[in-house]
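> Here's my sequence, what's the structure:
(chains A, B, C and D)
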Number of protein chains: 2
Amino acid sequence: MAEKVTIATVARHARVSRQTVSNVLNAPHIVREETRLRVQDAISALGYRANQAARQMRTGRSRLIAARIEPTRDGINGSVLDRFLHGLTETADAAGYRVLLYTATDDEREIATYDDLLGTYELDAFVLVGTKYGDPRTAWLAGRDVPFVTFGRPWDALDAHPWVDVDGAAGTAQATRHLLASGHRRIAFIGWPLGSGVGDDRRAGWRDALRAAGVDPTGLHRETEDGIAEGERLMRDLLVSVAPTAVVCASDSLALGALQAIRGTDPPVSVIGFDDTPVAAAVGLASVSQPLGEAAARCVDLLTGVLDGNHETPTHVLLQPALALRHTA
Amino acid sequence: MAEKVTIATVARHARVSRQTVSNVLNAPHIVREETRLRVQDAISALGYRANQAARQMRTGRSRLIAARIEPTRDGINGSVLDRFLHGLTETADAAGYRVLLYTATDDEREIATYDDLLGTYELDAFVLVGTKYGDPRTAWLAGRDVPFVTFGRPWDALDAHPWVDVDGAAGTAQATRHLLASGHRRIAFIGWPLGSGVGDDRRAGWRDALRAAGVDPTGLHRETEDGIAEGERLMRDLLVSVAPTAVVCASDSLALGALQAIRGTDPPVSVIGFDDTPVAAAVGLASVSQPLGEAAARCVDLLTGVLDGNHETPTHVLLQPALALRHTA
DNA sequence: TATCCAGATTGGATCGTTCAAGATGGCGAG
DNA sequence: CTCGCCATCTTGAACGATCCAATCTGGATA
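The predicted structure follows:
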């Protein structure tokens, strides 16, 4: 059985002191080149790896980032989180951090989990996906000076904390302009009830694009909770009342419902969804695609900026989505 | 600024020694009732939480479990992993463990990651999703006596290590029997190339169910790599050559392809997929559903059994899937 | 040759917990 | 009365890293 390799083993092997080995790892510039190489050789020869627990005990930093994994609500948009988490894990790894998962069923429990994670694991930072108006979680974290980033803007106070987001309005605007360029004029919108930041933003993109083209959006939009059945219902309503030739939706779920409602229309009504989920790709639904890997990477950038004390980095990042065209548009 | 609450703070507050506090936490039975309650009170009054890094340094255990998050390959079956991970996080949490994510692009790098995670974070265990014949990862882990569980049987040696799996053959058999009961006789199967444990198992379920009903399965099956386009191609081939009235598929991707191929057939060819992904639910595809939350829970059970030294627990768990009937079958 | 200085290296203390061994006190048996 | 035992609690050391302050080294300068 191999002995456990500690910093002392490396020191003996390289005939230097523990502190010199530590310096090679944490402040290489203050060690003479020759010595540094000798230590490096010893490290790789012995397969030494710094023990994180010991390091953490002294420095108070765990190099751990927490992210929440949600219980796949409707399953369709769940894959967005999945892709984001993968990107997060990959980028965090490159920056020397690891991602720890947690779950929580409500805000209160989630905050209790923060407390626990901070107390027992001394987490360095949190990544929250999605926030709402007056979110108690961000308030709690900010109140304790815990570093965190949200994927999704804090709609009530843009400067409240660092965030990364995708420009939803730009996405729906791009979708709308594509439809306008294809000759459509009566372009409807199916979205979420007023008052959700994300939903209002996506609707605004559609509305502004129509107005910019001289089309009056009045009466062309409908609102509902997210879901396939809801999308289908509203689309049928739209077909009867305003007979649109195309529709932009706030989510792929709504768009899938819309697709079912327009089956058999001639000429076919064009449909564009939002999120470019695997379902959209599978059924050929055109959709606005969010750069999730990029978003995750920028979240890590912001966090490492804060954690490594570099306060010069920007704290807000707004990314542009892309339109994934398929046969429904 | 509040002082950091350590075990010494609690000890002073309860007028006992550090060790007694430690005993209250780790071996309550050796502490006198009265003392124990006094310590408990101090703990909750001060909001004390044991520092994991310090504990780990002494005990060598991190209470951390690693799981791999994959780069959503075709996106459709990716959600299976997603649901599994959520279940894992939830159950691990209840057992006092946390889930750490990692990624890797190939086996060699994955093993390097194991080495790193074990060396720097002293991970307690790994959960691997899916294994293949002669998997170098499981061999590496087993060779080092690292506790791990796989979700998916090791097809070449069932006793090699603890595993949890879903009985794929039972799932396809159930699907096939449902179709037989609906009056179908020429029930085809679209699966993966021979030699993959999972694929062969799912095909066997279909074949045996047909034979049990006195139907000769010869010529009724096709094999291909996973994918929508592949499923469509093979279904067209089947329609031309053997004109099946129903088809069971080894995955939802293949089934979606099959759905496209049969569009317009009359009477409609029945299709049943596998995995019950969100896509299947969205398009109304009947599918075999795996109990992923349950599978994750049993993985945690097996691990804690090994980690807490209870070698009496069974090391293999085979769960039964359920058939999610929708309008395609 | 003595002095100084900057840079490299060293030993000791420390983080918060658990382990191993020792101290205390009460009680019953010899 | 003394001894030993058990239950309970306390003390010192250790885990493996980093921080801090002190010491060493070699070359330049007086």
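> Any regions of chain A where pLDDT drops low?
Counting by pLDDT under 70, chain A has low-confidence residues at A:1-3, A:73-78, A:310-313.
> All the helices of it, residue numbers only.
Taking DSSP state H as the criterion, chain A contains helices spanning A:7-14, A:18-26, A:33-46, A:52-59, A:78-94, A:107-116, A:136-143, A:168-181, A:197-212, A:228-241, A:252-262, A:278-283, A:292-307.
> Just tell me which of the ones you listed ends up closest to B:Trp206.
Distance to B:Trp206, taken as C-beta to C-beta, is lowest for helix A:278-283 among the helices of chain A, at 23.3 Å. The way it works is simple: take the backbone N, C-alpha and C, and place the C-beta from them, glycine included.
> helices or strands up against that closest one?
Packing partners of helix A:278-283 (3 or more C-beta pairs under 8 Å, 6 or more residues apart in numbering or on different chains; DSSP states H and E): helix A:252-262, helix B:278-283.
> swap the cut-off to 10 Å and go again
Under the contact definition 3 or more C-beta pairs under 10 Å, 6 or more residues apart in numbering or on different chains; DSSP states H and E, helix A:278-283 sits against helix A:78-94, helix A:252-262, strand A:270-274, strand A:286-289, helix B:78-94, helix B:228-241, helix B:252-261, helix B:278-283.
> on that earlier part again, now tabulate the helices of chain A in CSV and tack on mean neighbour count and distance to DNA strand C.
Below are those laid out as CSV (neighbours: other C-beta atoms under 10 Å in any protein chain shown; distance: least, C-beta to the nearest atom of the strand, whole Å):
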stretch, mean neighbour count, distance to DNA strand C
helix A:7-14, 18, 7
helix A:18-26, 17, 3
helix A:33-46, 15, 4
helix A:52-59, 17, 4
helix A:78-94, 22, 25
helix A:107-116, 15, 13
helix A:136-143, 16, 22
helix A:168-181, 22, 44
helix A:197-212, 20, 40
helix A:228-241, 19, 50
helix A:252-262, 27, 46
helix A:278-283, 26, 45
helix A:292-307, 21, 19
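> and B:Val16, which of the ones you listed is closest to it?
For B:Val16, the closest of those is helix A:52-59, at 23.5 Å, according to C-beta to C-beta.
> and B:Gly199, which of the helices of chain A is closest to it?
helix A:278-283 (20.6 Å).
> picking up where we left off before, could you save the helices of chain A as TSV and add columns showing distance to B:Ser289?
Shown next, in TSV, are the helices of chain A (distance: least, C-beta to C-beta, whole Å):
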stretch	distance to B:Ser289
helix A:7-14	51
helix A:18-26	50
helix A:33-46	49
helix A:52-59	39
helix A:78-94	16
helix A:107-116	28
helix A:136-143	33
helix A:168-181	33
helix A:197-212	31
helix A:228-241	18
helix A:252-262	20
helix A:278-283	17
helix A:292-307	27
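> Of those helices, give the one that comes closest to B:Arg211.
helix A:278-283 (32.9 Å).
> got a list of contacts for stretch A:50-61?
Outside stretch A:50-61, the residues that touch it by C-beta atoms under 10 Å, 6 or more residues apart in numbering or on different chains are A:4-7, A:10, A:21-22, A:25-26, A:43, A:62-64, A:98, A:121-124, A:307, B:4, B:51-60, B:62, B:117, B:119-122.
> quick one: contacts for A:Arg36?
Here A:Arg36 is in contact with A:Ala14, A:Val16, A:Thr20, A:Asn23, A:Val24, A:Pro28, A:His29, A:Ile30 (criterion: C-beta under 10 Å, 6+ apart).
> Next: A:Arg49.
Contacts for A:Arg49 (C-beta under 10 Å, 6+ apart) come out as A:Val5, A:Ile43, B:Asp115, B:Asp116, B:Leu117, B:Leu118, B:Gly119, B:Thr120, B:Tyr121, B:Glu122.
> Among those residues, name the buried ones.
Buried subset of the contacts of A:Arg49 (neighbour count, 16 or more other C-beta atoms under 10 Å in any protein chain shown): A:Val5, A:Ile43, B:Leu117, B:Leu118, B:Gly119, B:Thr120, B:Tyr121, B:Glu122.
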